[in-house]
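Engineer: here is my input; please provide its structure:
(chains A and B)
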Amino acid sequence: MDDYNETPVQFGPDGSLIGIITTPGDGPMVPVGCILMNMGAIHRIGPRRTNVKLARQMAACGISSIRMDLAGLGDSRPAGETADFRTQAVLDVQAAMNLVGTMLGVHRFVLIGLCSGAHNGLSIAVADPRLIGLLMFDGPNFPGRRARWERSLRRALADPKPGAFFGRVVGVIRRTLLPRQQQAPGDQNIFDSTGPRDSADYFCRSMNQLAERGVATMMFFTGSVQTKDRRRDLLGPFGKEPFARRLDYRFVPEIDHGLISQESQQAFMKLTCDWVLRVIHGDGSPASPALSAAGQSARGPRAASSLATKLEHAGS
Amino acid sequence: MTPMLFGPPQRRLFGLFHPPERERDIAVLVCAPFGQEMVRTHRLFRVLSDRLARAGVAVLRFDCHGTGDSSGDDTDGDLEGWRRDVCTAHEELHRLTAPRRIVWLGSRLGATLAVLAARSGRSDPSRVILWDPIVDGAGYLDTMREKHVSALEASYWVPDRAWRRRLTADKDAFTDELLGFAVSPTLRNQLRALTPQSLQLTASHETIVLADPEDEAANRWAKMQAERQTPVRLSPFQHSLVWTSDPFPNSAMVPAEALQRLVAEING
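Structural biologist: Modelled structure (predicted):
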């Protein structure tokens, strides 16, 4: 007997959106569902099929989920409306929540947003009160000057190529001192985060709004963003904002942004699944210092060999 | 487009059927590559399928067991099981579109599976198109583990130099997870046993091999098959698709030359 059942679904306007609903195969189903969506342009299975693995692991814990392609991504058709990409993402996820509500009777949700999905997730959580939890994986971050200098320096020192250190230091100085070059209109990437809902102000306002509403939030950062985190460095100027007190902040340098190694994937899934369960059971507050600090020193796939176990012990 | 599950209960396969928008006598079964290459080509095959369906060609895309949205873990995948999955998908497409003739389009390891499945005699494709087939499994394994380490180095803010040292020192290093997809010992051994000599075409249908002129192994293999009097046509094909890259928006997700060439080959 499988731990899960899966049902492909077509939903949204004209059935233009595609997704898979995963439910527990046996045993009770908790009354909160999980939403998994695209990371960048990768279709709904997620980086290295992580969304599929996570959905099935959560189903084994009694959690249902829908993994879906937003309009215009993966197998979903482009939207007929003229909404901007972020607004459309909100509409698409709301359609998914409506569907899950109808099919499973589940009306509260936790959203797992990876990379661009974290930015989308923030807008969705602000727009819809059915969201009770939001996990942002390598999402918005605002390192200050000291943190940026430190990570650049660490990278320069680690580069084995002769002269690389000098070249990198010159690069850092130039980027710091010289005015930024204007980007030609044709060079702009359509996925660049430059809209009003990607600003620091929007982030801070939205996070405080979610905190007031009691939405559990986790910001999860990896070894692709930096190597050392001293005092929630990636929150930058927002460390003392009201939302920061309720925020679960994790920096796990063993894990990489693309979840390339199996151990990165397992550690990510373990941490995510545990947090979602805590949110569901009404304890989405920050974890113990031991868990939050997990993996501060070791790094890389081999160093992470006992990472999932380490997280398990720290969380117990 | 209709998402669906098919196949036996213990091995449910996820598929997307693109119904034809007008009458023709042809259907296409897409046999996707493995792992990151499958992720990379997802959009291309989606766009190709839409285009074919508009032109009256029915298309079935599907994920083999242990891949994509199909049942099973990464490590449940192996060449023998996947070969049977191709035949199961062929039967499903036949059920949906009979009496249309079915053309198989396989790329990379998917092309290899198409050859193995056609050889088994369980299915009767009218034509098989092989795009950059993997004919040297050991070479493929070596390339992929090197790509795995390159991806790790690109992903971490400060890469660990030990990864590359390990790659050089140990020929088995990183062969159990290729670019983020776990590989079972069975699959690894099957890949190592895959040689141009072990992979033989059948004479029961025409085969077209689309290969980069610089891919010596594939070119040599296709010529070797032609010398055996099998109906095979080798056609040079260079394209801008980087099989193992991430589908970043600034890389060609659906290279026009690949799309046009595949449509042309399928239409014959």
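
Engineer: which residues are in contact with residue 36?
Structural biologist: By default, I'm working from chain A. Contacts here follow Cβ atoms under 8 Å, 6 or more residues apart in numbering or on different chains; on that basis A:Leu36 touches A:Arg44, A:Gly46, A:Asn51, A:Leu54, A:Ala55, A:Ser65, A:Ile66, A:Arg67, A:Met68, A:Ile112. Backbone N, C-alpha and C define where each C-beta goes, glycine included.

Engineer: could you do chain B instead?
Structural biologist: Residues near B:Gln36 by Cβ under 8 Å, 6+ apart: A:Arg48, B:Lys147, B:Leu178, B:Leu179, B:Gly180, B:Phe181, B:Thr244, B:Asp246.

Engineer: what about the helices in the chain?
Structural biologist: Answering for chain A, as no chain was given. Taking DSSP state H to define them, one finds helices in chain A at A:50-60, A:85-104, A:116-127, A:145-158, A:164-177, A:200-213, A:242-246, A:262-280, A:289-292, A:307-315.

Engineer: not quite, go with chain B.
Structural biologist: Ranges of helices in chain B, per DSSP H, are B:36-54, B:79-97, B:109-120, B:137-155, B:162-169, B:185-193, B:216-227, B:256-267.

Engineer: tabulate those helices in CSV, adding columns for mean pLDDT.
Structural biologist: Listed next are these as CSV, based on pLDDT from 0 to 100:
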stretch, mean pLDDT
helix B:36-54, 97
helix B:79-97, 98
helix B:109-120, 97
helix B:137-155, 96
helix B:162-169, 96
helix B:185-193, 98
helix B:216-227, 96
helix B:256-267, 95
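
Engineer: give me whichever of the ones you listed is most buried.
Structural biologist: Mean neighbour count, computed with mean count of other Cβ atoms under 10 Å in any protein chain shown, is highest for helix B:109-120 among the helices of chain B, reaching a mean of 24.

Engineer: out of the helices of chain A, nearest to B:Ala114?
Structural biologist: helix A:50-60 (24.0 Å; Cβ to Cβ).

Engineer: so which bits of the closest one are buried?
Structural biologist: Within helix A:50-60, the residues scored as buried using 16 or more other Cβ atoms under 10 Å in any protein chain shown are A:Thr50, A:Asn51, A:Val52, A:Lys53, A:Leu54, A:Ala55, A:Arg56, A:Gln57, A:Met58, A:Ala59.

Engineer: and for stretch B:242-259?
Structural biologist: Going by neighbour count (16+ other Cβ under 10 Å), the buried part of stretch B:242-259 is B:Trp243, B:Thr244, B:Ser245, B:Asp246, B:Pro247, B:Met253, B:Ala258, B:Leu259.

Engineer: start to end distance for it?
Structural biologist: By Cα to Cα, to the nearest Å, the extent of stretch B:242-259 from end to end equals 14 Å.

Engineer: ok, back up a step: lowest-confidence entry in the buried residues of stretch B:242-259?
Structural biologist: Across the set of the buried residues of stretch B:242-259, B:Pro247 stands lowest in pLDDT, at 66.

Engineer: going by distance to chain A, which of the buried residues of stretch B:242-259 wins?
Structural biologist: B:Pro247 (4.5 Å; Cβ to the nearest Cβ).

Engineer: so how far is A:Ala96 from A:Ala79?
Structural biologist: Distance, A:Ala79 to A:Ala96, by Cβ to Cβ, to the nearest Å: 14 Å.

Engineer: between the two, who's got more neighbours?
Structural biologist: A:Ala96 (27 against 20; other Cβ atoms under 10 Å in any protein chain shown).

Engineer: report the contact partners of the nearest residue to B:Arg192 once chain neighbours are set aside.
Structural biologist: Closest residue to B:Arg192 apart from its sequence neighbours, by Cβ to Cβ, 6 or more residues apart in numbering or on different chains: B:Ala138 at 5.1 Å. Neighbour list for B:Ala138: B:Leu191, B:Arg192, B:Leu194, B:Thr195 [criterion: Cβ under 8 Å, 6+ apart].

Engineer: which two among the residues you listed are spaced furthest apart?
Structural biologist: B:Leu191 and B:Thr195 (10.4 Å).

Engineer: what sits in contact with each of the two?
Structural biologist: Counting by Cβ under 8 Å, 6+ apart, the residues touching both B:Leu191 and B:Thr195 are B:Gly137, B:Ala138.

Engineer: would you point out which residue is most central in chain A?
Structural biologist: Per Cα atoms, centre = their mean, the C-alpha nearest to the average position across chain A is that of A:Phe137, at 2.5 Å.

Engineer: residues contacting residue 123?
Structural biologist: Going with chain A. With contact set as Cβ under 8 Å, 6+ apart, A:Ser123 has these partners: A:Arg86, A:Thr87, A:Ala89, A:Val90, A:Arg197, A:Ser206.

Engineer: chain B is the one I meant
Structural biologist: By Cβ under 8 Å, 6+ apart, the contact set of B:Ser123 is B:Val86, B:Cys87, B:His90, B:Glu91, B:Ala117.

Engineer: same question, B:Trp243
Structural biologist: Contacts of B:Trp243 (Cβ under 8 Å, 6+ apart): B:Pro33, B:Glu37, B:Arg40, B:Thr41, B:Arg108, B:Asp132.

Engineer: ok, now which ones touch the third one?
Structural biologist: Read it as B:Arg40. Residues near B:Arg40 by Cβ under 8 Å, 6+ apart: B:Pro33, B:Leu241, B:Val242, B:Trp243, B:Thr244, B:Ser245, B:Asp246, B:Pro247.

Engineer: B:Ala173: which of these is nearest?
Structural biologist: Nearest to B:Ala173 among these, counting by Cβ to Cβ, is B:Thr244 at 17.6 Å.
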